[in-house]
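**Student:** Take this sequence and fold it.
(one chain, ligands or ions: 1)
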Amino acid sequence: MRPLSDVPLTVVGGRGPHGLALHLLLQDRGVSGYRLLDKAADWLPLYGPGGPMQAVGHLRSPAELDFALGVPERGMGAFEDDDGSFPLRGVYRLEDAAASAFNLSTTPAHRAPRLAFWRYANCVARRSGADAHVLQASAARLEPVWEGAEGHWRVHLEDGRSFATAAVVLATGLGPHLRVPRPWRPWWARLPEATRAHVLGFRYEGLAGKRVVVAGSSNLSSWEAAIRAAEAGAKVTLLSRALNPIEWQLPFAPHWFQADFMARFMALSPEKRLRTLRKTHVPNTSLPGLAARARALGVRVTFYARVQAAAPLWGGVQLQYRTPEGDHAEYADLLLAATGAAPRLRELPLIAETAREHRAPVVVGGPAKHRPILDDTGRWKNLPPLYPMGAHALTRGGLGVNTLASATAYLPLTLPHIARAAGLALPKSA
Ligand SMILES: Cc1cc2nc3c(=O)[nH]c(=O)nc-3n(C[C@H](O)[C@H](O)[C@H](O)COP(=O)(O)OP(=O)(O)OC[C@H]3O[C@@H](n4cnc5c(N)ncnc54)[C@H](O)[C@@H]3O)c2cc1C
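**Tutor:** The predicted model follows:
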């Protein structure tokens, strides 16, 4: 195997939206010297045909969250599919969603079909020559190399190779952080793998005639998973810890998607940012019509149901759950956990040891709990230059960073700092 050259800047998770956005932004400015490190074979694997978003038919986000990044011809509306159609042309814009009637009247035609968005991103990547910057490999460990108070990184790969880089953009997404509730863990571990899965790691194959229990809450993924399993021919029960979902198009106030709001938010002191986040109410929302669709497909829904335990039985699972009416039992061939993700960067295997040894700080309370504490340039404190993205950048970039806004609004704002830390010169206008 050929040894790897050192590079100024590395995106770990480089084939996700952040890697693609960083490539487009730097290439537009004539800058090179970055490596997009990713284990995936294609772009935006999260959204792809084999990815973990199998139950998501349409994106929730507006047309502004695309890879135009200042070049309108690169926008999702201009994307022409293989059959000559323009599947992303009708996607709603933020100004449409400002009218409350829109949330009631919206249909899937106003939203981006997930697979069309994936083809669009792959097309943008191919046309822009992004593959030339990709190293397809899995990152195993980030080792800090200190030179006095400053330092750089040595990136160790699963295949044994390594290289040095001045700065790291960490964009490994939610995939490594799928959550199973703590009280479930003793019995969950004892269930045979064929009888239990997390909705974000499940492919919805071979379900015809099977009995499936989706255990979740009024969150979007519970309802989407129940619908997807029913469409695949399963007999589905949804055990929901809460009531029907709040059916609303936008997951939270639309200003979190806007670069100028995000810039103002990022200019606040770290204390004020945290205070703002603590006050922001984030409702559990799902798309209008979702609950009605589930019922039309025959999904049986039980509210205020809490799964207590499950045990293997006759090749399936015997479940016990509790409702206000009392204790109940249910048999299923498969238990699907729609229990979300817990993005704790200090638990990500490739950085865990380093973060612990160097006391890289995290927020200890409130809705931003376990998120890294970043300095005013978006860099994780106490470490050589490392810029967490997406859900891990919450305290600096706000709630929008849980979405594509992280790659398309937060990253462009942070890029000048990242480039400086990597020793890359951006042209003056950037
Ligand atoms: C079910 C679901 C629905 C969503 N719907 C929307 C929506 O409608 N609108 C919206 O704006 N956002 C949506 N999001 C959020 C949005 O997709 C994410 O915010 C965005 O994809 C995050 O980008 P990312 O680059 O951080 O991570 P990802 O897109 O997850 O990419 C992570 C990359 O890291 C790579 N990787 C991971 N570990 C390693 C490693 N050790 N070595 C090398 N590579 C590695 C993976 O292969 C992958 O390419 C949704 C998310 C989910 C889970």
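
**Student:** going forward, measure contacts between C-alpha atoms and count neighbours the same way
**Tutor:** Noted.

**Student:** Partner strands of whatever helix or strand residue 319 lives in and their direction?
**Tutor:** Using DSSP states H and E, residue 319 falls within strand 316-323. Take DSSP bridges as the rule and strand 316-323 pairs in its sheet with strand 306-313 (antiparallel), strand 326-332 (antiparallel).

**Student:** For the ligand, find the nearest of the ones you listed.
**Tutor:** strand 306-313 (22.2 Å; Cα to the nearest ligand atom).

**Student:** just to revisit the earlier point, could you identify which of the strands paired with strand 316-323 is most buried?
**Tutor:** A comparison of those by mean neighbour count, using mean count of other Cα atoms under 10 Å, puts strand 306-313 on top with a mean of 18.

**Student:** which secondary structure elements does the lowest-mean-pLDDT helix or strand in the chain contact?
**Tutor:** Lowest by mean pLDDT, DSSP states H and E among the helices and strands of the chain is strand 285-286, with a mean of 72. Identification of packing neighbours for strand 285-286 by 3 or more Cα pairs under 8 Å, 6 or more residues apart in numbering; DSSP states H and E yields strand 246-247.

**Student:** What pairs with the strand it packs on, parallel or antiparallel?
**Tutor:** The pairing partners recorded for strand 246-247 under DSSP bridges are strand 285-286 (parallel).

**Student:** Just after the strand it pairs with, pick out the following helix or strand.
**Tutor:** Next element after strand 285-286 (DSSP H and E): helix 290-296.

**Student:** So which residues make contact with that next one?
**Tutor:** With Cα atoms under 8 Å, 6 or more residues apart in numbering as the test, helix 290-296 has contacts from 223-224, 226-227, 244-245, 247.

**Student:** And stretch 201-218, by the same measure?
**Tutor:** Here stretch 201-218 makes contact (Cα under 8 Å, 6+ apart) with 50-52, 54, 222, 225-226, 228-229, 232-246, 284-285, 307, 331-339.

**Student:** residues of that stretch that come out buried?
**Tutor:** Within stretch 201-218, the residues scored as buried using 16 or more other Cα atoms under 10 Å are 201-204, 207, 210-218.

**Student:** what residues does the stretch 51-200 of the chain put near the ligand?
**Tutor:** By Cα under 6 Å from any ligand atom, the part of the stretch 51-200 of the chain that sits against the ligand consists of 53, 59-61, 138-140, 171-175.

**Student:** And the helices in this structure, which stretches?
**Tutor:** Assigned by DSSP state H, the chain shows helices spanning 17-28, 94-97, 100-105, 114-127, 185-190, 220-231, 259-267, 270-279, 290-296, 349-357, 394-397, 405, 411-422.

**Student:** So which of the ones you listed is the most surrounded?
**Tutor:** The highest average neighbour count among the helices of the chain, using mean count of other Cα under 10 Å, belongs to helix 394-397 at a mean of 28.

**Student:** ok now it, how far from the chain's centre?
**Tutor:** Offset of helix 394-397 from its chain centre (Cα atoms, centre = their mean, to the nearest Å): 15 Å.

**Student:** any residue of that helix up close to the ligand?
**Tutor:** No - legend: contact between helix 394-397 and the ligand by Cα under 6 Å from any ligand atom is lacking; minimum distance shown is 11.1 Å.

**Student:** So residue 405 is in contact with residue 257, correct?
**Tutor:** Yes - contact criterion Cα atoms under 8 Å: residue 405 and residue 257 qualify, at 5.7 Å.

**Student:** Touching both of the two, which residues are there?
**Tutor:** Common contacts of residue 405 and residue 257 (Cα under 8 Å, 6+ apart): residue 65.

**Student:** on that earlier part again, buried subset of the residues of the stretch 51-200 of the chain next to the ligand?
**Tutor:** With burial judged by 16+ other Cα under 10 Å, the buried subset of those is 53, 59-61, 138-140, 171-174.

**Student:** Strands along the stretch 51-200 of the chain, start to end?
**Tutor:** 134-136, 139-147, 150-157, 162-170, 196-198 (DSSP state E, counting those that start in this stretch).

**Student:** how about CSV for those strands, with mean pLDDT added?
**Tutor:** Shown next, in CSV, are those (pLDDT from 0 to 100):
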stretch, mean pLDDT
strand 134-136, 98
strand 139-147, 97
strand 150-157, 96
strand 162-170, 98
strand 196-198, 97
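
**Student:** Could you identify which of the ones you listed is most buried?
**Tutor:** Highest mean neighbour count among these (mean count of other Cα under 10 Å): strand 162-170, with a mean of 22.

**Student:** Give me the angle between that strand and helix 349-357.
**Tutor:** Here the directions of strand 162-170 and helix 349-357 differ by 80 degrees (axes from the mean of the first three to the mean of the last three Cα atoms, to 10 degrees).

**Student:** returning to what we had before: go ahead and name everything in contact with the strand holding residue 319.
**Tutor:** Contact partners of strand 316-323, identified using Cα under 8 Å, 6+ apart, comprise 191, 195, 303-312, 327-335.

**Student:** just stretch 353-367 next, same as before
**Tutor:** Stretch 353-367 is contacted from outside by 142-144, 277-278, 346, 369-373, 380-383, using Cα under 8 Å, 6+ apart.

**Student:** again, only this time at 10 Å
**Tutor:** For stretch 353-367, the surrounding residues in contact (Cα atoms under 10 Å, 6 or more residues apart in numbering) are 141-144, 274-275, 277-282, 344-348, 352, 368-374, 380-383, 394-395.

**Student:** Could you do stretch 136-143 as well?
**Tutor:** Contacts to stretch 136-143, defined as Cα under 10 Å, 6+ apart, come from residues 12-15, 36-42, 152-162, 164, 168, 172, 348-355, 384.

**Student:** Restrict stretch 304-318 to CA atoms and write it as PDB.
**Tutor:** What follows is stretch 304-318, C-alpha atoms only, in PDB (Å, rounded to 0.1, in the frame of the first residue of the first chain):
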ATOM      1  CA  TYR A 304     -48.600   6.400  26.500                       C
ATOM      2  CA  ALA A 305     -47.100   2.900  26.100                       C
ATOM      3  CA  ARG A 306     -43.700   2.300  27.700                       C
ATOM      4  CA  VAL A 307     -41.800  -0.900  26.800                       C
ATOM      5  CA  GLN A 308     -40.700  -2.500  30.000                       C
ATOM      6  CA  ALA A 309     -38.900  -5.700  28.800                       C
ATOM      7  CA  ALA A 310     -38.600  -8.100  25.900                       C
ATOM      8  CA  ALA A 311     -37.400 -11.700  25.700                       C
ATOM      9  CA  PRO A 312     -36.700 -14.100  22.800                       C
ATOM     10  CA  LEU A 313     -39.600 -16.400  22.100                       C
ATOM     11  CA  TRP A 314     -40.400 -18.800  19.200                       C
ATOM     12  CA  GLY A 315     -37.900 -17.000  16.900                       C
ATOM     13  CA  GLY A 316     -39.500 -13.700  17.700                       C
ATOM     14  CA  VAL A 317     -39.800 -11.300  20.700                       C
ATOM     15  CA  GLN A 318     -42.300 -11.300  23.600                       C
END
